[in-house]
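1. how would this look folded up:
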Amino acid sequence: MLTSRYLLPPLCLAFLIAVSAPAAASSVTPTVCDIGKTVNLNARASWYGPGFHGRKTANGEIFNRHALTAAHKTLKLGSRVLVENIENGMKIVLRINDRGPYHGNRALDVSERAATALGFRDDGLARIKLSLCNS
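-> Have a look, this model is predicted:
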């Protein structure tokens, strides 16, 4: 099985640790995403934020639109995924903490912060490649 490694830039890593990890796991510092399996090669992603900020997610934590998190219909909650915006090549590692999207033909809903990092906040939608990170 072929795998690749994706190193997070230092600033991205610092932000991931500061706002995306749950409080109980804040001492864990994920720095590398060993790509396991590509889930979707040409999927669509959207983002959600203001209307859901402060509400409970499917895993019980409070949704923070400024965190690096995402919603997927079937991936295991707590999974980390590498998301690549196919249109601009920007990549980021996100943690699945919610279920969705439930609108349209979309594979992933990302937080507002993740959409900004992936460069599609203003557009609202992006074509993405979605890969699971090995634990």
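2. In this protein, mark out all the strands, start to finish.
-> With DSSP state E applied, the chain shows strands at 5-7, 32-48, 69-71, 80-85, 91-98, 108-111, 125-133, listed in chain order.
3. Quick one: closest of these to A117.
-> strand 91-98 (4.9 Å; Cβ to Cβ). Quick note: C-beta positions are derived from backbone N, CA and C, even for glycine.
4. what comes into contact with that closest one?
-> Applying Cβ atoms under 8 Å, 6 or more residues apart in numbering, the external contacts of strand 91-98 come out as 6, 8, 12, 16, 20-21, 30, 33, 57-59, 61, 63, 68-72, 75-85, 109-111, 114, 117-118, 133.
5. Just the buried ones from the residues you listed?
-> When the contacts of strand 91-98 are checked for burial by 16 or more other Cβ atoms under 10 Å, the buried set is 8, 16, 20-21, 30, 33, 57, 63, 68-72, 75, 77, 79-85, 109-111, 114, 117-118, 133.
6. What separation is there between the residue positioned nearest the centre of the chain and W47?
-> In the chain, the centroid-proximal residue (Cα atoms, centre = their mean) is L94; its distance is 2.8 Å. L94 is 11 Å from W47, where distance means Cβ to Cβ, to the nearest Å.
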